[in-house]
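*Asks:* this one's structure only:
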């Protein structure tokens, strides 16, 4: 006997055979925006994946923009603030915004606006202190204070989107306070 799969992969989903109504496209977009705020390009991709044609998508996006449901600038600032609360660095946030279809200049402006609330040094320090506690538990104080431990910590912070200079300065201070 043939079993039905428990989930439908994107290739298994059925596409509508008749061209969808533009009102359906608008409703689908509103439904997506009710879950979370999105950028214009991200919404366009999602609607295209659902099988809507470019004309219906363009009309829906134009209407949503006119009704102020969609605003890339507002989305970018809100996204950057959220990611900063998770202690991610500017480079990573800009990269993520670019992947979501936000213009590079808009992403940079959003970064500046969001950084006013939380200075980078404070975010790096909180991140380093959190990671040092984990590293001390896993490897011990001696390893964390060693060159290898510091380099590992700096590398991890850089993966979170911070630059080497700022990360190394903060790590030096945090490790120094650990040994005292």
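*Replies:* Yep, that arrived. Values in this document were obtained by computation on a predicted structure and should not be read as measured data.

*Asks:* tell me how far the one helix or strand residue 168 maps to is from the chain's mean position?
*Replies:* Per DSSP states H and E, residue 168 falls inside helix 164-179. The gap between where helix 164-179 is centred and where its chain is centred comes out at 26 Å by CA atoms, centre = their mean, to the nearest Å.

*Asks:* I'd like to know which elements that helix is packed against.
*Replies:* Under the contact criterion of 3 or more CB pairs under 8 Å, 6 or more residues apart in numbering; DSSP states H and E, helix 164-179 touches helix 120-139, helix 141-145, helix 147-159. Any C-beta I mention is one placed from the backbone N, CA and C, and that applies to glycine too.

*Asks:* buried set for stretch 169-179?
*Replies:* Within stretch 169-179, the residues scored as buried using 16 or more other CB atoms under 10 Å are 170, 171, 174, 175.

*Asks:* related to what we said a few turns ago, what's the angle from the helix holding residue 168 to helix 147-159?
*Replies:* 130 degrees (axes from the mean of the first three to the mean of the last three CA atoms, to 10 degrees).

*Asks:* all numbers from here: first residue = 21
*Replies:* Understood, numbering begins at 21; the last thing we discussed is helix 184-199.

*Asks:* so where's the chain uncertain?
*Replies:* By pLDDT under 70, the weakly predicted segments of the chain are 21-40, 200.

*Asks:* most centrally placed residue in it?
*Replies:* In the chain, the centroid-proximal residue (CA atoms, centre = their mean) is residue 116; its distance is 4.9 Å.

*Asks:* what about the closest residue to that one other than its chain neighbours, neighbour count?
*Replies:* Distances taken as CB to CB, 6 or more residues apart in numbering place residue 103 nearest to residue 116, at 6.8 Å, with adjacent residues excluded. By other CB atoms under 10 Å, 20 other residues sit near residue 103.
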